[in-house]
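Undergrad: Predicted structure and sequence below. I'll ask about it afterward.
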Amino acid sequence: MSDFDHYDCPNCGESFAAHPSARAADTGYCSPACQTAGEGY
């Protein structure tokens with residue numbers, strides 16, 4: 001059984017896997033670039 005969960009990036013729509021304790025799981029973004037674009041910075 002995998003320790004990774006699947007998420008959809010709210011900025012680009014890309015589906016990705018991340019460990020539940022990872023920052024990507026907290027933010028929901030697949031990359032720092034998507035997080036920056038999605039948060040309007």
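TA: Everything's here; your move. Residues are numbered from 1 along each chain as shown.

Undergrad: all helices of this structure, in order?
TA: 23-27, 32-38 (DSSP state H).

Undergrad: right, and those - which one's nearest C9?
TA: Nearest of these to C9, taken as C-beta to C-beta: helix 32-38 at 5.4 Å. Just so you know, the C-beta spots here come from the backbone N, C-alpha and C atoms, and that holds for glycine as well.

Undergrad: Would you mind checking the average pLDDT for that closest one?
TA: The average pLDDT within helix 32-38 is 96.

Undergrad: Kindly export it (C-alpha atoms) in PDB.
TA: Output of helix 32-38 as PDB, limited to C-alpha atoms (Å, rounded to 0.1, in the frame of the first residue of the first chain):
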ATOM      1  CA  PRO A  32       6.600  26.200  -6.100                       C
ATOM      2  CA  ALA A  33       6.000  27.900  -9.400                       C
ATOM      3  CA  CYS A  34       2.300  26.900  -9.300                       C
ATOM      4  CA  GLN A  35       2.100  28.000  -5.700                       C
ATOM      5  CA  THR A  36       3.500  31.400  -6.600                       C
ATOM      6  CA  ALA A  37       1.200  31.800  -9.600                       C
ATOM      7  CA  GLY A  38      -1.800  30.600  -7.700                       C
END
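
Undergrad: can you tell which of the helices of the chain is closest to P10?
TA: Each of the helices of the chain has some distance to P10 by C-beta to C-beta; the shortest is helix 32-38, at 5.8 Å.

Undergrad: Can you list the buried residues in that closest one?
TA: C34, Q35, G38 (16 or more other C-beta atoms under 10 Å).

Undergrad: Stretch 21-32 too?
TA: A24, T27, G28, Y29, C30.

Undergrad: Understood, closing this out.
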